[in-house]
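Student: Could you work out the structure for the sequence below:
(2 chains)
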Amino acid sequence: MTASCTRSISPDAITGMIFAMEGMQETIVLLNGPMGCRFYHSSTSGFLMRRPLLYLPAGKGKERVPVDYNYLNDWFFRQDRVPCTYLDGYDYVYGTGEKVAEALAFIREHVDFKILAVVNSPGAALIGDDLYGIAKRAMPDRPIVYMESPGYSVTFEEGYSLAALEMLKILLPDKKEAKDKESERRRPAINLLGMSIWHRYCEGDVRELKRLFELCGIDVNAVLCADCSIRELTDIPKADLNVVVYPKAGLESAKYLEERYGQPYYVCDPLPVGFSSTEKVFSEICTLLGTSEGAFMEQSERARALAWNKINGIFQMYGKPKGVTFHVAASESLAKAYGIFLTDYLGMEPAPFDVAELLFSDANRISERALMPDEFCGIEISFPGMGYTDLTVKTHMGIEGTLFLIEQVLNGIMSK
Amino acid sequence: MKEFDEEKRLELAVYGKGGIGKSTISANLSAAMALNGKRVLQIGCDPKHDSTRLLLYGQRIPTVLDHLRDIPEEQAQVSEILHEGFCGVGCIEAGGPKPGVGCAGRGIISAFEFLSKNKIKKNYDAVIYDVLGDVVCGGFAVPVRREYANTVVLVTSGEFMAIYAANNILHGIRNFDGDQHQRVAGIVYNARNLAGEKERVERFAKAVKLPILACIPRSEAFAEAEEKNIPLFELEGYEKEKQIFNELAEKLTEGRELFPACPLDDEKLEEAVLGEKRYAAGCRVPEDKAETDAGIAAAGLPYFKEESGSVLENGSEDPHSCRTENAAENGNTDTAAAEKLSVRRMPLYGCAFNGAAVTAVFLTDAIVIAHSPNSCAFFAWQTITSAGRKGLFNRGILLPSAISPRFACTEITRTEAVYGGTEKLREAVARAVAQKPGAVIVISSCVSGIIGDDLLSVEDLSTEEVPVIAVPADGDIAGDYMKGIQMCLHALAKHLIRTDIKEKTKSVNLIGEVSLSTNLETSYRILKDLLKRLGIAVNCRFLGGAAVSDVKGFMKAPLNILASENADNLALKQWLTEEYGCTFFDMALPTGFEETTRFTRKIADFFGCADKVPAILQEEEEKYKESIERLKPVLFGKRLLMTTISTGLDWLFSAAADAGMKVVWVGVADYLHQGLAVSRNPEILNVSEYVYDLVTAEEKIRELKPDIVVSNYPSAFSQGDYVLDFMPMTETQGFSSGIYALERWAGEFEHRRKGDWTNDRKLYQKYFS
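Tutor: Coordinates of the predicted model:
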């Protein structure tokens, strides 16, 4: 079975918005809401990103000085991500403006940043304060991305999509710069859209995709909202193509960029997970941009050869992975990509959640399955995670990702 | 149709007290502009959705919010809500909920988001927003935000309350614009033929430095048009009235002059409009009316010109002068009450919704329903399952209630946020009751609290077998995380505990276990085993994992034991004692050897089984001594410095002393107002209040040179020539609590490697900055 499951409660649009904006460097995301809405975002963002330290606003000729966290008790509550206005019942009655203004004054004084993002919590969004007006008065000299309505029970991807789009609208120049001679000589360039720091192996996915595009003679200008710098963001209009990795999160941005700058876009369908899907995506993009896929295909063939050797060894001994049952409980795009790979390439069989031998999901679903009698092996493909501390950068995308996934599957089969 | 230049488009918000005639004026103004060749869109922003009735000849059209409620937004069609009326005027009604339910302000926000997303205004030269009379919340102020209305007119009669409402709207505009913008065109005076009303409007106009743009006389024309459901311009005759609207339309579209909002405070308003002051005691002190009139005349301001009925000229006085004249008032009028409450209230850590949710799931056979958007339920779900995942991954412990809680969410959407969500909640509760769980517990979030859903009403869905229990936490409106725990426990007790049980068993209730502690189950197993050795059963864990039947049988236990004596548990103890006459043991669940020894003796005395105690204590003492002797060679003489939010740490200090350690300083943070009583031992003298002031702690470290620093937040300390250890928030209970800590410390000393990694902070700064 590869259908999404709804039993586990998933994050919704406010989390998508916050993590989209947390995926921009030099950005402070202020949550205008109660502390109860904040903790998950601040701790998770800190955990997901190899973040730079927060610095004091730069003085002339001075070295950058890290913020002393003792002074971040106000609004930050001693965590370095996602400060909040800790709204309470009175604020819903009398308005949140004063708190937002006070928080911004504090942040301005104590932290160095370039972009301000402000997000209303679901409760704060009901009372209709003029979030942008308040923020602009407090921070007239910086771009402000504001999300007045966090969405009510709409998906993570929808929230991400809205926030990413808003960032493009506010932060990019009105018109595309005319190509200079240097840019006319350069290699084709793309942007990656729809990727989020909240994806299980985001850093590794980005690294692997960039590596493979490099093999194809294609530069990656920006990976929007996935540890994207301001410089990279401003290079977005210069790209020749936008590659939408996760359609539900990135398609609206691609359409907007097409309308505003005339940039075409390509949608990955399915995600580049597994050899065939990866080859399809890269081959099609190379064709669109007129570059050679030769080096990429050679690597893919070598990886296929390596994988064959290991899979064949196990198949000879145990007749696996053919026929091993699996279940993918994840978002639609993940379920489709993993499902194709596991059935078409490894010859495995889809099965219901409670009996599958391999379960591909988040740690909540994997834990839930552990309460059931049949033995199984759980493989994390989305958050929340079980608690494994990753130091090496891992991915399930591209060639390296496919090898890692096969590695997990083979070990998972044998551990059962 | 070509797109209109947004800069040039008139976007006019028509504000005024309810019933003052805004819709009539808006519709006739739209009609006048349309007849003059403008492409006009009128948007009714009142939930009663009758703004465009005259333009549509009485036809009722689907509102934006009704349309969005009925179908998914991605399928919503502009053609369903945009209708063409008189002379091609585009007509839209935002709509809203019935009176008394949902959140009409949120409705306006949602409707405007839809209109913006679909770029509906792009084909019009002029947009007229007919806005609800009283700007009672931010939602109703949406049209006046700068991204929408660039021009505002105030409609008022000469009645004081109408003028008061107009002044309030100026306050609202002032809040948005400050000193930076000018977008009030002026006042439209809708005459009621009351004595002295013209003078009152004139005085108000003068005081707020606005022109009176038009005077709409009381006329049969409007009554006739209303009766026939047509705009004024469809009537025969009434040329004077039509002329007024034509002139008003021209003033607002051609070279209109705009002014800043200069509202008055209440006292000045009364003084200006009524010509008298009203004092706090309620007495009126009339002023000389002649003097007031003379003042107006002396100012020489032609604010009112009688010819043409009511159309006025601008005053000669610089309208910007309100910055100096009314600046102080404007600065102070943002709402005095808000300033008094101000922003420096104590932060609420977490929210009552979350506290209640993570408590309720420990009623193991209940279904818990979060009446909230998905986000709130997800945060609670994460809090609950995080402990479950850690337990499974780190220790291989399966905690079903923390891994797969019976927890559902009503998934409040924008529709419920606007129209109210009680109906959806009732449907969810009915479905849950049909599954026949032990109970259904319903908890409200901020959103359901703000829109005023009637949470308690779902309790009438209870059946004989399945009680439905409402916990109106309203997110953090009821309070913080701990408040939510308390609310949940009180609600469960009131609904479930059977007070008719008289027969007691040899058992105890455990009260107030920390539900999310990762060592909750370890501690419970240790203490359950100790009690079992004494022949005592655990009747009910209130609430660390109990079935509904356990709570119902709560009164079977003759003795109740607090898990710990924190402020919230003590409050719970008091409440249970007062409400149910519960007998409480005079000790909490014990931590460490001495406390557990006392606990064992006392509880054995209570239940008359003291004969079993000596054997238990002898066995435990031998184990303890053996452990201390094993640890002594490593820990003897070591100097301990600690920063902590925990109190009652004698179990730790005595174990440390038994191993020959010396406590050199303890800094206690007042985390949850728990007091600073870390030790009853007079030898532990060097205890200070510690307010997350790491500077003090670092100074103490330099001064006292400890061998080991223990803290709840060890990562806050820089590395030094000492062992740094983590102090858990809740230590495992029983005879061996101190031993567990000492074993951890000894391990640190035995394998004391500072590790070269600690030198690489500068590299982190270098590569990740």
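Student: Just the buried positions in the helix or strand where B:Ile739 lies, please.
Tutor: Taking DSSP states H and E as the criterion, the element that holds B:Ile739 is helix B:737-750. When neighbours are counted by 16 or more other Cβ atoms under 10 Å in any protein chain shown, the buried residues of helix B:737-750 are found to be B:737-743, B:745-746, B:748. Backbone N, C-alpha and C define where each C-beta goes, glycine included.
Student: Break chain A down into its domains, please.
Tutor: A:13-171, A:181-290, A:297-415 (automatic domain parsing).
Student: For B:Tyr15, give its distance to B:Thr364.
Tutor: Note on B:Tyr15: its distance to B:Thr364, by Cβ to Cβ, to the nearest Å, is 56 Å.
Student: Which one's more surrounded, these two?
Tutor: Counting neighbours by other Cβ atoms under 10 Å in any protein chain shown for B:Tyr15 and for B:Thr364 shows that B:Tyr15 has the greater number, 32 against 18.
Student: Which residue ranges of the stretch 401-550 of chain B form helices?
Tutor: With DSSP state H, counting those that start in this stretch as the criterion, the stretch 401-550 of chain B has helices at B:414-419, B:422-434, B:446-451, B:481-496, B:520-533, B:548-552.
Student: Tell me which of those helices sits most buried.
Tutor: Mean neighbour counts were compared across the helices of the stretch 401-550 of chain B using mean count of other Cβ atoms under 10 Å in any protein chain shown; the top stretch is helix B:446-451, at a mean of 28.
Student: Let me know whether that helix sits next to chain A.
Tutor: Yes. On the criterion Cβ under 8 Å from any Cβ of the partner chain, helix B:446-451 is in touch with chain A at B:446-447, B:449-451.
Student: Would you check that B:Cys540 makes contact with B:Leu510?
Tutor: Yes. Look at B:Cys540 against B:Leu510 with Cβ atoms under 8 Å: they come within range, at 7.5 Å.
Student: among the helices and strands of the chain, which one scores worst on average pLDDT?
Tutor: The chain I'm using is chain A. For chain A, the helix or strand with the lowest mean confidence is helix A:181-185, at a mean of 63 (criterion: mean pLDDT, DSSP states H and E).
Student: Wait, chain B was what I had in mind.
Tutor: Among the helical and strand segments of chain B, the one scoring lowest on mean pLDDT, DSSP H and E is helix B:289-299, with a mean of 36.
Student: do you know which of the domains of chain A lies nearest chain B?
Tutor: Closest of the domains of chain A to chain B is domain A:13-171, at 2.8 Å (criterion: Cβ to the nearest Cβ).
Student: which parts of the stretch 301-416 of chain A sit against chain B?
Tutor: On the criterion Cβ under 8 Å from any Cβ, chain B has as its neighbours in the stretch 301-416 of chain A the residues A:363-364, A:367-368, A:370-371, A:384, A:386-388.
Student: and those, which two are the farthest apart?
Tutor: Within those, two members stand farthest from each other by Cβ to Cβ: A:Leu371 and A:Tyr388, at 19.9 Å.
Student: These two: who's more crowded?
Tutor: Taking other Cβ under 10 Å, A:Leu371 and A:Tyr388 do not tie; A:Leu371 has more neighbours (14 against 9).
Student: Distance of the nearest residue to B:Arg533 once chain neighbours are set aside relative to B:Leu530?
Tutor: The spatially closest residue to B:Arg533, leaving aside those adjacent along the chain, is B:Ile616, at 5.6 Å (Cβ to Cβ, 6 or more residues apart in numbering or on different chains). B:Ile616 sits 7 Å away from B:Leu530, going by Cβ to Cβ.
Student: Mind listing the shared neighbours of those two?
Tutor: Applying Cβ atoms under 8 Å, 6 or more residues apart in numbering or on different chains, one finds that B:Ile616 and B:Leu530 are jointly contacted by B:Thr600.
Student: And chain B, what are its domain boundaries?
Tutor: Using automatic domain parsing, the domains assigned to chain B come out as B:10-336, B:347-496, B:628-757.
Student: if you compare the ones you listed, which one is most tucked away?
Tutor: Mean neighbour counts were taken over those using mean count of other Cβ under 10 Å, and the top value, a mean of 23, falls to domain B:347-496.
Student: And the average pLDDT for that one is what?
Tutor: For domain B:347-496, mean pLDDT rounds to 91.
Student: Equivalent analysis for stretch A:194-209, please.
Tutor: Per-residue confidence for stretch A:194-209 averages out to 96 on the pLDDT scale.
Student: Can that stretch be said to contact chain B?
Tutor: No. Contact between stretch A:194-209 and chain B is absent, the nearest approach being 12.1 Å (criterion: Cβ under 8 Å from any Cβ).
Student: how long is that stretch end to end?
Tutor: The first residue of stretch A:194-209 is 13 Å away from its last residue (Cα to Cα, to the nearest Å).
Student: just stretch B:184-199 next, same as before
Tutor: Start to finish, the residues bounding stretch B:184-199 are 21 Å apart (Cα to Cα).
Student: what's the distance between B:Val548 and chain A?
Tutor: 21 Å (Cβ to the nearest Cβ, to the nearest Å).
Student: now do B:Lys251
Tutor: The spacing between B:Lys251 and chain A, counted by Cβ to the nearest Cβ, is 28 Å.
Student: Tell me the spacing between the nearest residue to that residue once chain neighbours are set aside and A:Leu116.
Tutor: Using Cβ to Cβ, 6+ apart and skipping the chain neighbours, the partner closest in space to B:Lys251 is B:Leu213 (5.8 Å). To A:Leu116, B:Leu213 is 39 Å away according to Cβ to Cβ.
Student: residues contacting A:Thr15?
Tutor: If you count contacts by Cβ under 8 Å, 6+ apart, A:Thr15 has them with A:40-41, A:156, A:159, A:198, B:375, B:378.
Student: Ranking by neighbours, what's the top pick from those residues?
Tutor: Per-residue neighbour counts (other Cβ under 10 Å) across these peak at B:Ser375, which has 33 neighbours.
Student: Dump stretch A:396-403 to CSV, keeping only the CA atoms.
Tutor: Listed next in CSV are the C-alpha coordinates belonging to stretch A:396-403 (Å, rounded to 0.1, in the frame of the first residue of the first chain):
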residue,chain,number,x,y,z
HIS,A,396,17.5,9.3,-0.5
MET,A,397,17.6,11.4,-3.7
GLY,A,398,19.8,11.0,-6.7
ILE,A,399,22.4,8.3,-7.2
GLU,A,400,24.0,8.5,-3.7
GLY,A,401,20.5,8.6,-2.2
THR,A,402,19.4,5.5,-4.1
LEU,A,403,22.4,3.6,-2.9
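Student: Give me the distance between that stretch and the centre of its chain.
Tutor: Using Cα atoms, centre = their mean, to the nearest Å, we find the averaged C-alpha position of stretch A:396-403 to lie 17 Å away from the chain's own average C-alpha position.
Student: again with stretch A:201-221
Tutor: On the basis of Cα atoms, centre = their mean, the separation between the geometric centre of stretch A:201-221 and that of its chain is 14 Å.
Student: residues of it that come out buried?
Tutor: A:201-213, A:215-221.
Student: Same question for stretch A:112-124.
Tutor: By neighbour count with 16+ other Cβ under 10 Å, stretch A:112-124 contains the buried residues A:112-113, A:115-124.
Student: ok, and which of those reach chain B?
Tutor: Of the entries in the buried residues of stretch A:112-124, those that also sit close to chain B under the rule Cβ under 8 Å from any Cβ are A:121-123.
Student: Wait, a strand at A:Thr220?
Tutor: Quick fix: residue A:220 reads Val, not Thr. Yes. Under DSSP: H, G, I helix; E, B strand; the rest coil, A:Val220 sits within a strand.
Student: pLDDT averaged over stretch B:148-161 - what is it?
Tutor: 89.
Student: before we move on, the earlier item: reformat the contacts of A:Thr15 as TSV; add secondary structure and distance to B:Lys504.
Tutor: Written out in TSV, the entries for the contacts of A:Thr15 read as follows (DSSP: H, G, I helix; E, B strand; the rest coil; distance: Cβ to Cβ, whole Å):
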residue	secondary structure	distance to B:Lys504
A:Tyr40	helix	44
A:His41	helix	49
A:Phe156	helix	52
A:Gly159	helix	55
A:Trp198	coil	53
B:Ser375	helix	46
B:Phe378	helix	43
